[in-house]
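Colleague: here is my input, please return the structure:
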Amino acid sequence: MIYLESIFKVLVVGLLLGAGLPAIFAVGLVAFSNGAGVTEADGTTHSQNPMLKFLGLALFVLVGAVILVALLWITRSTIDHHFGINLFPFAQ
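Modeller: Below is the predicted model of the structure:
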C-alpha cells in the first residue's frame, strides 16, 4: 500500500508543477496583457486596468518563487555542506 501512496504523491506533484505552473504563468500573461491597454489598428485605444496588471505580476512572482524554492530544495545539501546554512531546517 505504501507504493501506491508514493506513486499518487509523485503523480500529484508532477501534475501541479508540470502542468500547473505553466498554466499559472499563462494566466499571468493574459491578465498582464489585458491590463496593459492596447491601441488598435484603427487608432482606438483601450484604457489600462491596473488590477489586471497587478494580478499578472503577482502570478509571475508566484511562479518565480516556486522555481527559486525548488532550486534551493534541490541544492539544499550542497549549500549546507559548503556554507553551513540549513535552508530547510524542518527537512532531513
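Colleague: those strands in this structure, which residues are they?
Modeller: Counting by DSSP state E, the chain has no strands to list.
Colleague: now do the helices in it.
Modeller: In order along the chain, the chain carries the following helices (DSSP state H): 2-15, 21-36, 50-74, 76-83.
Colleague: let's have these in CSV, adding distance to residue 42.
Modeller: C-betas here are computed from N, CA, C, even on glycine. Formatted as CSV, these follow (distance: least, C-beta to C-beta, whole Å):
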stretch, distance to residue 42
helix 2-15, 43
helix 21-36, 19
helix 50-74, 23
helix 76-83, 55
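Colleague: for this protein, which spans come out with low pLDDT?
Modeller: 92 (pLDDT under 70).
Colleague: tell me which residue is most central in it.
Modeller: residue 63 (1.5 Å; C-alpha atoms, centre = their mean).
Colleague: roughly how far apart are residue 36 and residue 78?
Modeller: As defined by C-beta to C-beta, to the nearest Å, residue 36 lies at a distance of 40 Å from residue 78.
Colleague: more crowded one of the two?
Modeller: Neighbours per residue, other C-beta atoms under 10 Å: of residue 36 and residue 78, the larger number sits with residue 36, 14 against 9.
Colleague: pretty sure that one sits against residue 48.
Modeller: Yes. At 6.3 Å, residue 36 counts as touching residue 48 under the criterion of C-beta atoms under 8 Å.
Colleague: how near is the closest residue in space to residue 30 that isn't next to it in sequence to residue 29?
Modeller: Distances taken as C-beta to C-beta, 6 or more residues apart in numbering place residue 56 nearest to residue 30, at 7.7 Å, with adjacent residues excluded. According to C-beta to C-beta, residue 56 stands 7 Å off from residue 29.
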